[in-house]
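Asker: Everything below, folded, please.
(chains A and B)
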Amino acid sequence: MLKLPIYLDNNATTPMDPRVLEAMIPYFTEHFGNAASRNHSFGWQAEEAVDYAREQVAKLIGADPKEIIFTSGATEGDNLGIKGVFEMYASKGNHIITCTTEHKAVLDTCKHIERQGGEVTYLEVNPEGLIDLKQLEAAIKPTTILIAIMYANNEIGVVQPVKEISAIARKHGVLFFTDGTQAVGKIPVDVNKDGIDIMAFTGHKMYGPKGVGALYVRRKNPRVKVTAQMDGGGHERGMRSGTLNVPGIVGFGKACELARLEMADDAARLSKLRDKLENALMQLEEAYVNGSREHRLPHVSNISFKYVEGEGLMMGFNKNIALSSGSACTSASLEPSYVLKALGLGDDLAHSSLRFGLGRFTTEEQIDYTIKAVSDTVIKLREMSPLWEMFKEGIDLNSIEWAHH
Amino acid sequence: MAYSEKVIDHYNNPKNVGTLDKAKKNVGTGLVGAPECGDVMRLQIEVDDTTGVITDAKFKTFGCGSAIASSSLATEWLKGKTVDQAVAIDNMDLVEELNLPPVKIHCSVLAEDAIKAAINDYRKKNGLEELVFEEKGVH
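Answerer: Residues are numbered from 1 along each chain as shown, chains lettered A, B, ... in the order given. Alright, predicted model coming up:
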């Protein structure tokens, strides 16, 4: 049975798995204690639940539970990881290397650091969305303290060569931070095999609750420390003060456990559905997949349908299908996606893009419905598009002097 | 952001989508916007030479729902008006009729620009001086 509306925006957030909710419920009313209350059973129960969740989270990424710092989510993790290193290692240097397709939580954190006197190198990516390892190595200098490159991109799903990046970081004695938000729980991430020193990730991208995430901070080879960004009771080994969100942490732990057990099956099923969707939509003329198809998350596809505008396109089916577009017709700046532009796409193609993010609860019937709805709307809007008409008449759109407004 | 009923209606049932023969002397064509900005509108009018009445209007638009609705509504309003009356169509009338939110006002400005460009193209083809319009500068 086809279930409407269809949610294909799982890179933005995922629905919570009912099993996660079930695990959380007792921790709202029954076991409501403060995990820092050391002298009574309410506190002990909460602490025990947090310890258990810490193990579940650690196990998913091959870490030691002591290396998990609970946060409010990936934005906080990105801030704490990067600013925390910048402050903690100030005596060693002030240079950070990142890349242009990072999430705003990383890019804006780097901008902040530049205002604080830090120096940041923004590596460009190739048309596939991947950084160049030679450029990375060449950018390292004696003052470099951190390489911050995301594991997988939120808009195009492209997975960076994390093992190679960490090997370069190791070789030069530079710490390696990665924003694992889109990758953890979706593909195997192992902090030791991958050589990750610090990693931010979050619950709500992997069928857990919103408002809870973790920062992995390596304790051995090397021992890494980050300067706390919030002052308070010294929770989480002094790196992140604030009363622990016990129900959220319990849910996050459960979500990590489910991801660990079901990731392989989910990924295999979703990559098949994603490929079915992508191959069918690529049958349309002038459709282009954005970013590497080889180095990519299994559940993500970003496609530009030339000569139709993304927001107008979504309006054709957004009553029944939830998606995102790289078009920024609604934003005040009218600037399309900076990630797509970093791949070298023209603004016109960036405006014409849709991001499909499949998830654990996506069904084949939903994908079939989506293929038809998107194809029909692309065809209908092209009939209405002056650009499509010009293209069909063989007019070079670049030869026209457009009135830029 | 939810769209108004009227925008949805024009999007689902756009009026006057199509192309007029731009080689004809009594057809004026306005092409405004830019692909890089995410909206391009082409609006055309066909004018009865003796009466100056716009007998037909067509559009094609690359853009969001509000841009499509603005141009669809503009063609509806153009038909039956004289060219002189058409000059007076103001983007804020489109905004009001379609209930466009502030962030979509530029779509209506673009439609007004398209009307004016079509009128000027018609005037130029017929040996009339092009009209000079004030920049709205909202987009």
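
Asker: Hmm, A:Gly185 is touching A:Glu262, no?
Answerer: No. With contacts counted by CB atoms under 8 Å, A:Gly185 stays clear of A:Glu262, the gap being 9.5 Å. Just so you know, the C-beta spots here come from the backbone N, C-alpha and C atoms, and that holds for glycine as well.

Asker: So those two - more neighbours on which side?
Answerer: Shown here are A:Gly185 and A:Glu262; by other CB atoms under 10 Å in any protein chain shown, A:Gly185 has more neighbours (27 against 15).

Asker: Now do that one against A:Cys110, distance only.
Answerer: Distance, A:Gly185 to A:Cys110, by CB to CB, to the nearest Å: 25 Å.

Asker: from the middle of its chain, how far away would the top helix by length along chain B be?
Answerer: Scanning chain B for the helix with the most residues, using DSSP state H, yields helix B:105-125. What separates the centre of helix B:105-125 from the centre of its chain is 6 Å, taken as CA atoms, centre = their mean, to the nearest Å.

Asker: With stretch B:29-40 instead?
Answerer: With CA atoms, centre = their mean as the basis, stretch B:29-40 stands 12 Å off its chain's centre.

Asker: Return the set of buried residues in it.
Answerer: For stretch B:29-40, the buried set under the neighbour-count rule, 16 or more other CB atoms under 10 Å in any protein chain shown, comprises B:Thr29, B:Gly30, B:Leu31, B:Val32, B:Gly33, B:Ala34, B:Pro35, B:Glu36, B:Cys37, B:Gly38, B:Asp39, B:Val40.

Asker: right, quick check: it against chain A, any contact?
Answerer: Yes. Residues of stretch B:29-40 are located near chain A by CB under 8 Å from any CB of the partner chain, namely B:Leu31, B:Val32, B:Gly33, B:Ala34, B:Pro35, B:Glu36, B:Cys37, B:Gly38, B:Asp39, B:Val40.

Asker: need the residues you listed in TSV with pLDDT, distance to A:Lys272 and secondary structure, can you?
Answerer: Below are those laid out as TSV (pLDDT from 0 to 100; distance: CB to CB, whole Å; DSSP: H, G, I helix; E, B strand; the rest coil):
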residue	pLDDT	distance to A:Lys272	secondary structure
B:Leu31	96	44	strand
B:Val32	96	45	strand
B:Gly33	94	40	strand
B:Ala34	90	40	strand
B:Pro35	89	35	helix
B:Glu36	85	36	helix
B:Cys37	85	38	helix
B:Gly38	88	33	coil
B:Asp39	92	37	strand
B:Val40	95	38	strand
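
Asker: Just the helices from chain B, written as ranges.
Answerer: B:5-12, B:65-78, B:83-87, B:91-98, B:105-125.

Asker: With respect to burial, which of these scores highest?
Answerer: helix B:65-78 (a mean of 27; mean count of other CB atoms under 10 Å in any protein chain shown).

Asker: Grab the CA positions of that one and hand them over as PDB.
Answerer: What follows is helix B:65-78 as a C-alpha-only set of coordinates in PDB (Å, rounded to 0.1, in the frame of the first residue of the first chain):
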ATOM      1  CA  GLY B  65       5.400  28.900  -8.400                       C
ATOM      2  CA  SER B  66       4.900  32.500  -7.700                       C
ATOM      3  CA  ALA B  67       6.800  33.500 -10.800                       C
ATOM      4  CA  ILE B  68       4.600  31.200 -12.900                       C
ATOM      5  CA  ALA B  69       1.400  32.500 -11.200                       C
ATOM      6  CA  SER B  70       2.500  36.200 -11.700                       C
ATOM      7  CA  SER B  71       3.000  35.700 -15.400                       C
ATOM      8  CA  SER B  72      -0.100  33.700 -15.900                       C
ATOM      9  CA  LEU B  73      -2.200  36.300 -14.100                       C
ATOM     10  CA  ALA B  74      -0.500  39.100 -16.100                       C
ATOM     11  CA  THR B  75      -1.500  37.500 -19.400                       C
ATOM     12  CA  GLU B  76      -5.100  37.300 -18.200                       C
ATOM     13  CA  TRP B  77      -5.100  41.000 -17.300                       C
ATOM     14  CA  LEU B  78      -3.500  42.000 -20.500                       C
END
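
Asker: Show me what that helix is packed against.
Answerer: Packing partners of helix B:65-78 (3 or more CB pairs under 8 Å, 6 or more residues apart in numbering or on different chains; DSSP states H and E): helix A:310-315, helix B:5-12, strand B:39-47, strand B:54-62, helix B:91-98, helix B:105-125.

Asker: Just give me how far the longest helix along chain A sits from the chain centre.
Answerer: Criterion DSSP H: the longest helix present in chain A is helix A:246-281. Chain-centre distance of helix A:246-281: 14 Å, with CA atoms, centre = their mean.

Asker: after that helix, next one along is what?
Answerer: strand A:287-289 (DSSP states H and E).

Asker: And the next helix or strand past that next one?
Answerer: According to DSSP H and E, the helix or strand after strand A:287-289 is strand A:300-305.

Asker: Got phi/psi on A:Arg355?
Answerer: Backbone torsions for A:Arg355, taken as degrees, to the nearest 10, come to phi -110, psi 120.

Asker: Measure how buried it is and give me the count.
Answerer: Residues near A:Arg355, counting by other CB under 10 Å: 26.

Asker: quick revisit: return the member of the residues of stretch B:29-40 next to chain A nearest to B:Asn13.
Answerer: Set against B:Asn13, the nearest of the residues of stretch B:29-40 next to chain A by CB to CB is B:Asp39 (20.3 Å).

Asker: isn't that closest one right up against B:Ser66?
Answerer: No. At 9.3 Å, B:Asp39 and B:Ser66 do not qualify as touching, with contact defined as CB under 8 Å.

Asker: Near chain A, which residues of chain B are found?
Answerer: B:1, B:3, B:8, B:11, B:14, B:17, B:19, B:31-42, B:60-65, B:67-68, B:103, B:106, B:110, B:113, B:139.

Asker: re earlier: could you dump the helices of chain B into CSV and include mean pLDDT and distance to A:Val125?
Answerer: Converted to CSV, the helices of chain B look like this (pLDDT from 0 to 100; distance: least, CB to CB, whole Å):
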stretch, mean pLDDT, distance to A:Val125
helix B:5-12, 95, 35
helix B:65-78, 96, 31
helix B:83-87, 95, 49
helix B:91-98, 96, 40
helix B:105-125, 95, 31
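
Asker: which residues in chain A form strands?
Answerer: Ranges of strands in chain A, per DSSP state E, are A:6-7, A:68-71, A:95-99, A:119-123, A:144-148, A:175-179, A:198-202, A:213-217, A:287-289, A:300-305, A:321-322, A:324-325, A:353-357.

Asker: List just the one of the ones you listed that sits closest to A:Pro18.
Answerer: strand A:6-7 (15.1 Å).

Asker: starting at the chain centroid, how far to the closest one?
Answerer: The answer for strand A:6-7 is 19 Å, by CA atoms, centre = their mean.

Asker: just stretch A:236-248 next, same as before
Answerer: For stretch A:236-248, the distance to the chain centre is 23 Å (CA atoms, centre = their mean).

Asker: Give me the contact list for it.
Answerer: A:24-25, A:27-28, A:31-36, A:46, A:49-50, A:66, A:69-72, A:80, A:84, A:203, A:209, A:211-212, A:215, A:217, A:225-226, A:228-235 (CB atoms under 8 Å, 6 or more residues apart in numbering or on different chains).
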